[in-house]
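3D, please:
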Amino acid sequence: RLVESGGGSVLPGGSLRLSCAAPVLRLDSYTVGWFRQAPGQQREFVASINWSGSSTEYADSVKGRFNVYRDNVEKTVLLQMDNLKPEDTATYYCAIRRTYRSSVVEESEYGDWGQGTQVTVAT
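You can find the predicted model right below:
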């Protein structure tokens, strides 16, 4: 199971950096995805990074504002979120891609979900 951290409350335009760690697994062996779920909404894809860090994908809603990358020293996957908007408010989850039957943006491709970390963007 993965562990997310770094959430909090910020003003619109602010920044947060989320971290995804794996106490047991080696994250650098897997594609890791970030998803988010707002109250009353389905969980949606945010970003992903492949095992080497050479390939990333982003949802259109976060392109140009979010950056996913690996910290190879700490063995974590980070999600830098800049210029945050109120619509970014959600619980953010990381997960490991376990299957390759469909697209990298599909929730069903992933497992080992963390417990989530709350991000709130409000005045």
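
Could you tell me which residues make contact with residue 101?
108, 109 (C-beta atoms under 8 Å, 6 or more residues apart in numbering). Where C-beta positions appear, they are placed from N, C-alpha and C, glycine not excepted.

That should have said residue 23, apologies.
1, 3.

Skipping its backbone neighbours, what lies nearest the spatially most central residue of the chain in space?
Nearest to the geometric centre of the chain sits residue 34, at 2.4 Å (C-alpha atoms, centre = their mean). Distance criterion C-beta to C-beta, 6 or more residues apart in numbering; nearest residue to residue 34, sequence neighbours excluded, is residue 46 at 4.3 Å.

for residue 107, same thing?
Nearest to residue 107 is residue 43, by C-beta to C-beta, 6+ apart, at 5.7 Å.

and residue 66, how far is that from residue 99?
Distance of residue 66 to residue 99, computed by C-beta to C-beta, to the nearest Å: 24 Å.

out of those two, which sits in the more crowded spot?
Shown here are residue 66 and residue 99; by other C-beta atoms under 10 Å, residue 66 has more neighbours (21 against 10).

Roughly how far does that one sit from residue 86?
15 Å.

again with residue 43
Distance of residue 43 to residue 86, given as C-beta to C-beta: 19 Å.

Just want to know which of these two has more residues nearby.
Just comparing residue 43 and residue 86: by other C-beta under 10 Å the higher neighbour count belongs to residue 43, 18 against 11.

contacting residues around the more buried one?
Contacts of residue 43 (C-beta under 8 Å, 6+ apart): 35, 36, 37, 93, 107.

for the chain, what spans make up the helices?
Assigned by DSSP state H, the helices in the chain number zero.

pLDDT averaged over the top strand by length along it, what's the number?
If you go by DSSP state E, the chain has its longest strand at strand 90-97. For strand 90-97, mean pLDDT rounds to 97.

List the strands paired with it, with their directions.
Strand pairing for strand 90-97, using DSSP bridges, gives strand 32-37 (antiparallel), strand 110-111 (antiparallel), strand 117-121 (antiparallel).
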